[in-house]
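Engineer: Dropping the sequence and predicted coords here.
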Amino acid sequence: MRAPVSVREFEAAARERLDPAHYDYFAGGAGEEVTLRANEAAFGRLALLPRVLRGTDKPELGVTLPGGSASMPVLVAPTAFHRLADPEGERATARAAAATETIMMLSMASTVALEDVAAAAPGARLWFQLYVQPDLAFTKTLVRRAEAAGCRALVVTVDSPVLGSRLRDERNGFHDLPDGLCCENMRDGDRVRPLEFSPTISWEHVGRLIELTSLPVVLKGVLHPEDAGTALDLGVSGLIVSNHGGRQLDTVPATVDVLPEIAAAVAGAVPVLLDGGVRSGTDVLKALALGAAAVAVGRPVVWGLGADGERGAVRVLELLRAQIEEALALCGAASVHDLGPGLVRRVPPC
Ligand SMILES: Cc1cc2nc3c(=O)[nH]c(=O)nc-3n(C[C@H](O)[C@H](O)[C@H](O)COP(=O)(O)O)c2cc1C
Ligand SMILES: O=C(O)C(=O)c1ccccc1
């Protein structure tokens, strides 16, 4: 079969290869999936208004963030359970991120231990994503392990005091990893701890994490501008505007629709990243124009991995890079730093 030419085609290719319940786990959202759909639809309601005759040559795509630089403004969002998509799991994803010189946020719920991911992809730029565990001593152990393995930032996910209800998983009876797979970072002696969500997580925990580590701390899952302000006051190094890909509270707004408000609240104090529904280079340009320093992609990388392992993940990331280059040229922009709100118009729904 010919190689997929779009993220959508990678999804179709992955769907053919994955167990249907595992496909649904990756693809699905919370509740009636209103937010899941909204993330992509919101990009569709934005149009690009290009400039002409600006005589630009090969555009500049690189970005520099508190946790290091990336060759393009597309990072790998943290997603759980990569070994459901490919036997090499997170090792393959990390090698793909290394090959494309971008940053991979490694999920705490990875099916390969963080040390093994780092060892398998020596050139990879890893940020470690953390769910603060009620056992704070174990949380600290995880932070120390991430530091020792060379992770360059800590991504603290704050939109998950409890896990959202995933109706597809309920219908499919998918609640546990199959035999032989587990959350490898949760091994503790000869047991595997359950990964817990902490309903009592608060700003105090974030403050303590910032004190605990010299790594930049990035908060993932901020949607309210007042929370963005609180995060800045505490001293976070970055924010990710995210609704967890529509998997947590259903009916929250599309991320690209709240981005301008968050960007205004942050006013350049720290980089603001966005994830949710980014499926093409034009989506990336729209997010950057509205104030994002970079975006992250969750499912697109999983689709690449599911379709063709490490090679598929590389192809998805390189596809996005090519689409960004083309869109920049066609917008008359010389660099990803050259984009502002004037590039974007809201179009009426059709
Ligand atoms: C299958 C799956 C697993 C995820 N696991 C995690 C996770 O372990 N930690 C986390 O912070 N976010 C997790 N997320 C959310 C992603 O980091 C990201 O916010 C979301 O996927 C972005 O939307 P997109 O898939 O439309 O690109 C997960 C998302 C998916 C689809
Ligand atoms: O599926 C998710 O979105 C997610 O974040 C997660 C992480 C760990 C265990 C189960 C789900």
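Structural biologist: Received the coordinates, thanks. Numbering: from 1, shown residues only. Ligands and ions are numbered 1, 2, ... in the order given.

Engineer: Please name the residues that touch residue 148.
Structural biologist: By C-beta atoms under 8 Å, 6 or more residues apart in numbering, residue 148 lies in contact with residue 115. All C-beta atoms are positioned from the backbone trio N, CA, C, and that covers glycine.

Engineer: Check residue 33 too.
Structural biologist: With contact taken as C-beta under 8 Å, 6+ apart, residue 33 is in contact with 167, 246, 250.

Engineer: how about 6 Å then?
Structural biologist: By C-beta atoms under 6 Å, 6 or more residues apart in numbering, residue 33 lies in contact with nothing.

Engineer: ok, it to residue 165 distance?
Structural biologist: Computed as C-beta to C-beta, to the nearest Å, the residue 33 to residue 165 distance reads 11 Å.

Engineer: how close does residue 238 sit to ligand 1?
Structural biologist: Relative to ligand 1, residue 238 is positioned 14 Å away (C-beta to the nearest ligand atom, to the nearest Å).

Engineer: Please report phi then psi for the residue lying closest to that residue once chain neighbours are set aside.
Structural biologist: In space, residue 238 comes closest to residue 218 once its chain neighbours are excluded; the distance is 4.0 Å by C-beta to C-beta, 6 or more residues apart in numbering. When read as degrees, to the nearest 10, the backbone of residue 218 gives phi -110, psi 130.

Engineer: wait, doesn't residue 218 sit right on residue 155?
Structural biologist: Yes - counting by C-beta atoms under 6 Å, residue 155 is a contact partner of residue 218 at 4.9 Å.

Engineer: Quick check: residues of this structure near ligand 1?
Structural biologist: Within the chain, the positions lying close to ligand 1 (C-beta under 6 Å from any ligand atom) are 26, 39, 77-80, 107, 109, 129, 157, 220, 242, 244-245, 247, 275-278, 297-299.

Engineer: all helices for this structure, in order.
Structural biologist: 7-17, 20-27, 34-44, 90-99, 114-120, 136-148, 167-172, 203-212, 225-234, 255-266, 281-289, 299-331 (DSSP state H).

Engineer: Need those in CSV (columns: mean pLDDT).
Structural biologist: As requested, the helices of the chain are exported to CSV (pLDDT from 0 to 100):
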stretch, mean pLDDT
helix 7-17, 98
helix 20-27, 99
helix 34-44, 98
helix 90-99, 99
helix 114-120, 99
helix 136-148, 98
helix 167-172, 98
helix 203-212, 98
helix 225-234, 98
helix 255-266, 98
helix 281-289, 99
helix 299-331, 98
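
Engineer: Point me to the residue of the stretch 251-350 of the chain nearest ligand 1.
Structural biologist: residue 298 (2.1 Å; C-beta to the nearest ligand atom).

Engineer: Count the residues that sit near that residue.
Structural biologist: The tally of other residues near residue 298 (other C-beta atoms under 10 Å) stands at 23.

Engineer: what residues are up against it?
Structural biologist: Contact partners of residue 298, counting by C-beta under 6 Å, 6+ apart, are 77, 79, 245.

Engineer: could you pick out which of these are near ligand 2?
Structural biologist: Among those, not one lies near ligand 2 by C-beta under 6 Å from any ligand atom.

Engineer: Export these to TSV and append columns for pLDDT and neighbour count.
Structural biologist: Shown next, in TSV, are the contacts of residue 298 (pLDDT from 0 to 100; neighbours: other C-beta atoms under 10 Å):
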residue	pLDDT	neighbour count
77	99	27
79	99	25
245	99	24
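
Engineer: before we move on, the earlier item: between residue 218 and residue 155, which is the more surrounded one?
Structural biologist: For residue 218 and residue 155, the more surrounded residue by other C-beta under 10 Å is residue 155, and the numbers stand at 31 against 25.

Engineer: The more buried one against residue 131, yeah?
Structural biologist: No - Residue 155 is not in contact with residue 131 according to C-beta under 6 Å; the separation is 10.2 Å.

Engineer: what's the nearest residue to whichever residue of the stretch 101-250 of the chain sits closest to ligand 1 if we skip its chain neighbours?
Structural biologist: Nearest residue of the stretch 101-250 of the chain to ligand 1 (C-beta to the nearest ligand atom) works out as residue 245 at 2.9 Å. Leaving out its chain neighbours, the residue that sits closest to residue 245 by C-beta to C-beta, 6+ apart is residue 298, at 5.1 Å.

Engineer: Could you check how far the one you found is from residue 166?
Structural biologist: Applying C-beta to C-beta, the value for residue 298 to residue 166 is 14 Å.

Engineer: Could you tell me the backbone phi and psi angles at the residue most central in space within the chain?
Structural biologist: A centroid search over the chain (C-alpha atoms, centre = their mean) returns residue 77, at 2.0 Å, as the residue closest to the centre. Main-chain dihedrals, residue 77, degrees, to the nearest 10: phi -70, psi 150.
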